[in-house]
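Peer 1: return atomic coordinates for the entry below.
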Amino acid sequence: MSPSSVRKRAAKLAKPIAALKQRGSYIYFWEKRWFFIALAVGFGMLSMPLPDGLSQQAMSILTMSVVATILFVTEPVPLPTVALLIIIGQVMIMGIDSKIVARSLMSDSVLFIMGSLMLAVAVVKQKLDTRIAWLLVKMTGTKTSRIAFGISLVSGVLASFVGEHTVAAMMLPVGITLIQLTSDDPRKVRNLAAVLLFSISYGCSIAGIGTPSGGARNAIMIGYWKEFFYDPSNPDTFKYLVDYLKWMMYAYPMFLLQVPFVTLILLITFRPEYRDLSRAVVKLRAKVEKLGPMKSADWVAIFIFFLVLLGWIFLSAGYGMGTIAILGAAAFLVAGLVDWPDVNSGVNWGVVLLYAAAISMGIQMKDTGAAAWVAENFLAMLSPVGLDKGIGLWAAVSVLTTGVTNTMSNGAAVAVLGPIVLNLATAAGESPIVIGFITAVSSAFAYLTVVGTPACTIVYASGYLKTTDFLTVGWKMAVMSTIIMLAAAAVYWPMLGA
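Peer 2: As a prediction, the model looks like this:
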């Protein structure tokens, strides 16, 4: 072939290749469009004049929160990438020293998430999840709806006393076992997985309100009531001393009432591919029979996990839940019940990073005053539209708390909003007990995002769920929970003297 023929042939080939490259660029930008939209929104917010009462740092973290929320929902890039961008933004946009940012990333809550996921791997390694799943199925039967209800109820009852973090980590392997025994192909059990895994996380979330030990937010509100309103010399203020039993009287019935609605909402939203899990249960029974009677290693694993539970209940105040979780994981490794390669491959480290960055961002929202500014301006809008008293005020406080708790931890949300809403209650002539309970309970409505609560983060780590799933079902959960809570505030709580 002559040189001129080669050149002509190359020229002919160059055109389609260039067209393919151009098309590839279009495809790339289309797939990443929400990433660039989020950046444009962030640039626009940072270019705006500073609103009154808002510092530059507060505006920056507020902007980062909005951008991160868009990326969490649309997921144009892997979620751990969003975590990395949050870290970079705190240093390069807000000007915070990198050492301070690094310290904010590794809190006790992050250690707890990491340790809980490691413990879950150890539970799976010992096949304890299989035995727990078999016990659950024996109680509920094989119908998917009953199994989902049983998972929510068992997860909830445990989480109301132990804490949702612990129970979500313990029940996750149980849900995954039932899913994998139904089908090895995740695409064939997409909706079933959503129903079972959300049964765990939402069962834990609605139960966290049940007792003071169900979450830090509850203890924070109890402390605010005592600090703001209790006077030892005034018997009329004794009602602001809310103890364990009194809290349960107000909140536990709401948890029990929500359980069947959780199952109903999940079944309607996702419509599982299998209405009956008989085939999975047959396989599960065969696996349990193959495992045979409990071995010494199984009893050691149960003993270690039981010690971890006791540590979380009785020692977490002094040592932190994260330290105890890490200690439990180390005990499994030392005892030879799990190997490090198993832990390394079984833990979704990206989720750990994501939760660390979300907590760090929540800290800056609080420290810079951005969260308080949003709350105060939101409440200032209530008066002109007649939502400054009664059920209108209750609903507004609930909506505000729900919005804030979906962007930071529920404990931080109550810590920031508590003083504001309690002062608002006094000014509006409303019961601080009612407003306080509405705030604490609404902080559990973190159904909309992966990072809203550790229970959601833990089930997302399974790999079966998408971030859009949380929005799809989360708004229905929020509406249901809000209606039940407002009904309790209007009818039930006044009977208790609120």
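Peer 1: now do the contacts for residue 259.
Peer 2: With contact taken as C-beta atoms under 8 Å, 6 or more residues apart in numbering, residue 259 is in contact with 149, 152, 153, 156, 203, 206. Just so you know, the C-beta spots here come from the backbone N, C-alpha and C atoms, and that holds for glycine as well.
Peer 1: save these as JSON lines, and put in secondary structure too.
Peer 2: Output for the contacts of residue 259, formatted as JSON lines (DSSP: H, G, I helix; E, B strand; the rest coil):
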{"residue": "149", "secondary structure": "helix"}
{"residue": "152", "secondary structure": "helix"}
{"residue": "153", "secondary structure": "helix"}
{"residue": "156", "secondary structure": "helix"}
{"residue": "203", "secondary structure": "helix"}
{"residue": "206", "secondary structure": "helix"}
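Peer 1: what's the neighbour count on residue 358?
Peer 2: Residue 358 has 26 neighbours, counted by other C-beta atoms under 10 Å.
Peer 1: and the helix or strand harbouring it, how far from the chain's centre?
Peer 2: Per DSSP states H and E: residue 358 is located in helix 349-367. Averaging C-alpha positions (C-alpha atoms, centre = their mean, to the nearest Å) puts helix 349-367 12 Å from its chain's average.
Peer 1: next: stretch 449-467.
Peer 2: On C-alpha atoms, centre = their mean, the centre of stretch 449-467 falls 6 Å from that of its chain.
Peer 1: check stretch 142-161 too.
Peer 2: 18 Å.
Peer 1: ok so, going back, show the subsequent helix or strand relative to the helix holding residue 358.
Peer 2: Using DSSP H and E, the next helix or strand after helix 349-367 towards the C-terminus is helix 370-380.
Peer 1: so what does that following helix touch, helix or strand wise?
Peer 2: helix 56-74, helix 349-367, helix 390-405, helix 410-428 (3 or more C-beta pairs under 8 Å, 6 or more residues apart in numbering; DSSP states H and E).
Peer 1: at 7 Å instead, please
Peer 2: helix 56-74, helix 390-405, helix 410-428 (3 or more C-beta pairs under 7 Å, 6 or more residues apart in numbering; DSSP states H and E).
Peer 1: could you pull up the mean pLDDT of that helix?
Peer 2: Average pLDDT, helix 370-380: 76.
Peer 1: buried ones in that helix?
Peer 2: Under the neighbour-count criterion of 16 or more other C-beta atoms under 10 Å, helix 370-380 has 370, 371, 372, 373, 374, 375, 378, 379 buried.
Peer 1: for stretch 291-303, same thing?
Peer 2: Those would be 291, 298, 300, 301, for stretch 291-303 by 16+ other C-beta under 10 Å.
Peer 1: tell me which two of those residues sit farthest apart.
Peer 2: Based on C-beta to C-beta, the longest span within the buried residues of stretch 291-303 runs between 291 and 300 and measures 15.5 Å.
Peer 1: ok, now which ones touch residue 403?
Peer 2: For residue 403, the contact set (C-beta atoms under 7 Å, 6 or more residues apart in numbering) is empty.
Peer 1: tell me how far it lies from residue 413.
Peer 2: Relative to residue 413, residue 403 is positioned 9 Å away (C-beta to C-beta, to the nearest Å).
Peer 1: quick one on the thing from earlier: now render the helices and strands packed on helix 370-380 as a markdown table, adding distance to residue 270.
Peer 2: Listed next are the helices and strands packed on helix 370-380 as a markdown table, based on distance: least, C-beta to C-beta, whole Å:
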| stretch | distance to residue 270 |
| --- | --- |
| helix 56-74 | 18 |
| helix 390-405 | 22 |
| helix 410-428 | 25 |
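Peer 1: out of the ones you listed, which gets nearest to residue 465?
Peer 2: helix 56-74 (13.0 Å).
Peer 1: give me the helices and strands touching the closest one, please.
Peer 2: Helix 56-74 sits against helix 33-47, helix 79-92, helix 349-367, helix 370-380, helix 467-487, with contacts defined as 3+ C-beta pairs under 7 Å, 6+ apart.
Peer 1: number of residues surrounding the residue nearest to residue 38 when sequence neighbours are not counted?
Peer 2: In space, and not counting its chain neighbours, residue 38 is closest to residue 70: 4.2 Å by C-beta to C-beta, 6 or more residues apart in numbering. By other C-beta under 10 Å, 19 other residues sit near residue 70.
Peer 1: what is the neighbour count of residue 387?
Peer 2: Number of residues near residue 387 (other C-beta under 10 Å) recorded here: 18.
Peer 1: please determine how far it is located from residue 247.
Peer 2: Distance from residue 387 to residue 247, by C-beta to C-beta: 27 Å.
Peer 1: list the contacts for the nearest residue to residue 157 once chain neighbours are set aside?
Peer 2: Spatially, and ignoring its direct neighbours in sequence, residue 157 is nearest to residue 207 (6.8 Å; C-beta to C-beta, 6+ apart). Residue 207 makes contacts with 156, 157, 159, 160, 214, 255, as judged by C-beta under 7 Å, 6+ apart.
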